[in-house]
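Visitor: Output the structure for:
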Amino acid sequence: MDSPFKPDVLKGKVALITGGGSGIGFEISSQFGKHGASIAIMGRRRQVLDDAVSELRSLGIPAIGLEGDVRKAEDARRVVESTYQHFGRIDILVNAAAGNFLAAAEDLSTNGFRTVLDIDAVGTFNMCHEALKYLKKGGPGRDSSSGGGSILNISATLHYTASWYQIHVSAAKAAVDATTRNLALEWGTDYEIRVNGIAPGPIQGTPGMSKLVPDEIESKVRENMPLYKLGDKWDIAMAALYLSCDSGKYVNGLIMPVDNGLWLGKPRHLPREAVKQLSRVVEKRSRTKPVGLPTSKL
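Guide: Numbering: from 1, shown residues only. Sure, this is the predicted structure:
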């Protein structure tokens, strides 16, 4: 699909993207690069990083891969500093690294719960904390008159109500959203850094989708979507472009759901035609109801 953005909308920018070697993270890396940015991707698997960097460079995108675990503050610090040393600046941080799996709450171990919280919530904080000095107005590599950089945190909509068998992921994503809003308040005011989030819905072709929605139940998920289709990684990358470029320069503290409206309500429990038929029956009853007879007696 063609991008609605100008190809140079991120020209001269440097983006550091955790989890940028696969899934949604790689699509963001690719689209940011196609729109002018230089890309540093962080991940735990060397081969995945190498393959991703090779593909980005084949598209003419300046890119490096940096091995590290977002759960470790020392890794976060090393990767951030290496990105700055290589490119001379950091303008955008995207926290897309995540952990997820299905587990009933009663079967979930404390370690399993903690692992997802550490990757999503602690990892997001670690990266933001280490990148601060490079993103803030007047920081290394930044002109004091140019304002601050941008942070984008990828969460989900699971915690907006409740989700079956994902108490650990829901708790982690809620923490990520809270981190986004608090940093937007503090760092937006103090350092002119914009901090926003994207909450994707079910996105086809991602590791998360394959883990959480096996092929045999994907058709059921489609039936419950407001427009009966799953999202594409491209949809999330376009939202990320908007929030990270000048188009979104007045947007701060936003958590943008990109899920086709799925978060708005529960699956439809009656087909439209059944609702119409039921309405006709109720209306007919109301016209023939004896005057003064309580509804409970009908």
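
Visitor: which residues of the stretch 151-298 of the chain fall in strands?
Guide: Assigned by DSSP state E, counting those that start in this stretch, the strands in the stretch 151-298 of the chain fall at 194-200, 255-258.

Visitor: which residues sit against the shortest one?
Guide: Strand 255-258 is touched from outside by 155, 157, 177, 180-181, 196-201, 231, 235-236, 239, 243, 263, with contacts defined as CB atoms under 8 Å, 6 or more residues apart in numbering. Any C-beta I mention is one placed from the backbone N, CA and C, and that applies to glycine too.

Visitor: 10 Å - rerun?
Guide: Contacts to strand 255-258, defined as CB atoms under 10 Å, 6 or more residues apart in numbering, come from residues 152-157, 160, 173, 176-178, 180-181, 184, 196-201, 203, 231, 235-236, 238-240, 242-243, 248, 263-264.

Visitor: Of these, select the buried ones using a PyMOL command.
Guide: Here is the PyMOL selection string for the buried members of the contacts of strand 255-258, based on 16 or more other CB atoms under 10 Å:
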select buried, resi 152+153+154+155+156+157+160+173+176+177+180+181+184+196+197+198+199+200+201+203+231+235+236+238+239+240+242+243+248
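
Visitor: Let me see the contact set for the residue nearest to Lys6 when sequence neighbours are not counted.
Guide: Closest residue to Lys6 apart from its sequence neighbours, by CB to CB, 6 or more residues apart in numbering: His35 at 7.6 Å. His35 makes contacts with 3, 5-11, 13, 15, 61, 237, 241, 244-245, as judged by CB under 10 Å, 6+ apart.

Visitor: Of those residues, which qualify as buried by neighbour count?
Guide: Buried members of the contacts of His35, counted by 16+ other CB under 10 Å: Phe5, Val9, Leu10, Lys13, Ala15, Ile61, Ala237, Leu241, Ser244, Cys245.

Visitor: which one of the residues you listed sits closest to Val116?
Guide: In terms of CB to CB, no member of the buried ones among the contacts of His35 lies closer to Val116 than Ala237, at 23.8 Å.
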